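1. Fold the following.
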Amino acid sequence: MTKPELDKRDWIAGLEKGLAILEAFDDQHARMTPTQAAMRTGLTRTVARRYLLTLAHLGYVQTDGKLFNLTPRVLRMGWSYFESARLPRIVQPFLQQLSVQIHESVYVSVLDDWDFVIIARNGSTRVMTTGFVLGARVPVALMSGGIVMLAYKPDEASVREWLDRTEYRPFTSLTITDKDVLYEKIRQARVDGYVEIEQQLQMGVRGVAVPIKNRHGQVVAALSANMPIGKETSAVALARVLQPLQEMALSMLNVI
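-> Alright, predicted model coming up:
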């Protein structure tokens, strides 16, 4: 999604800094001192401390007097998206129908800049370990839906530039880390109109994805299915799930 231009007179720097403090927390920085928060955001320690104390007063962080950590109130902002956004509500009935049809977990996901975010999901009836929660941010090049979204980015050169400046760490022994190989996978996905990848983020898991387009022909999201590989070959899996995925994506086109 293209960001609208903003007049400098309308820019609120304090809001930007407050959000930067909240986004500085992650699994590696679950609890931070003002000094650590300052280092992660580029703010001075004094400014970072003031923002942390303000956020604590508002209930978004808590502190023991030295370390600060997020509180569940932060989830209000994320869930406001699911409660107000049109796309997740529209696609949910389609996902329910699709998961019953192919007996797999299915997802609709979008790009947030270069992050891959799951905005709707529906699980299969069988027990699986291939699921992701709503709002999960997943490394874009490790997911079938992420590769589809990269394949349909209007500016192909920007994808190559992003690949070149991104450092990859392997999540499995089969994770593709060669940037040329990954770029070819992305390019081929646009040619084929779908992508199938295996064991990139989790061992024993296969993903198949297709683009979701709106009535203007623009790709707005990815529709994907995750499944355990088991004894099923790639060809058999594609024959079983690809056409239902494509047909469901086409059905969504009429309402998006």
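
2. Any regions of the stretch 51-200 of the chain where pLDDT drops low?
-> Filtered on pLDDT under 70, the stretch 51-200 of the chain yields the residue ranges 124-131.

3. Strands along that one, start to end?
-> 61-63, 68-70, 105-112, 115-122, 137-138, 195-198 (DSSP state E, counting those that start in this stretch).

4. For the fifth one, give me every contacting residue.
-> For strand 137-138, contacts defined as Cβ atoms under 8 Å, 6 or more residues apart in numbering pick out 109, 112, 115, 116, 117, 118, 132, 146, 201. No exception for glycine: its C-beta is placed from N, CA and C like everyone else's.

5. Next up, phi/psi of residue 35, please.
-> phi -60, psi -40 (degrees, to the nearest 10).

6. so what's the nearest residue to it once chain neighbours are set aside up against?
-> Leaving aside its chain neighbours, residue 35 sits nearest to residue 45 (5.1 Å; criterion: Cβ to Cβ, 6 or more residues apart in numbering). Counting by Cβ under 8 Å, 6+ apart, residue 45 makes contact with 34, 35, 38.

7. Spatially nearest residue to residue 66 (excluding sequence neighbours)?
-> That would be residue 33: by Cβ to Cβ, 6+ apart, it lies 6.2 Å from residue 66.

8. Can you tell me the number of residues neighbouring the one you found?
-> Per other Cβ atoms under 10 Å, the neighbour tally for residue 33 reads 16.

9. Tell me which residues touch it, please.
-> Residues in contact with residue 33 (Cβ under 8 Å, 6+ apart) are 66, 67, 68.

10. so how far is residue 55 from it?
-> Going from residue 33 to residue 55 by Cβ to Cβ, to the nearest Å gives 14 Å.

11. Take the contacts of residue 45 and lay them out in CSV including neighbour count.
-> Formatted as CSV, those follow (neighbours: other Cβ atoms under 10 Å):
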residue, neighbour count
34, 23
35, 12
38, 21
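
12. Relative to residue 160, which of those is nearest.
-> Residue 160 has its nearest neighbour among the contacts of residue 45 in residue 38, at 34.5 Å by Cβ to Cβ.

13. right, and that closest one touches residue 50 too?
-> No. Between residue 38 and residue 50 there is no contact under Cβ atoms under 8 Å: 10.7 Å.

14. Quickly list the domain ranges of the protein.
-> 8-75, 85-253 (automatic domain parsing).

15. Could you say which of those is packed most deeply?
-> Burial of the domains of the chain is given as mean neighbour count (mean count of other Cβ atoms under 10 Å); domain 85-253 ranks first at a mean of 17.

16. Can you give me the end-to-end span of that domain?
-> 17 Å (Cα to Cα, to the nearest Å).

17. for stretch 93-109, same thing?
-> Termini of stretch 93-109 sit 15 Å apart (Cα to Cα).

18. contacting residues for the closest residue to residue 41 other than its chain neighbours?
-> Spatial nearest neighbour of residue 41, chain neighbours left out: residue 20 (4.6 Å); criterion: Cβ to Cβ, 6+ apart. Residues in contact with residue 20 (Cβ under 8 Å, 6+ apart) are 41, 42, 43.
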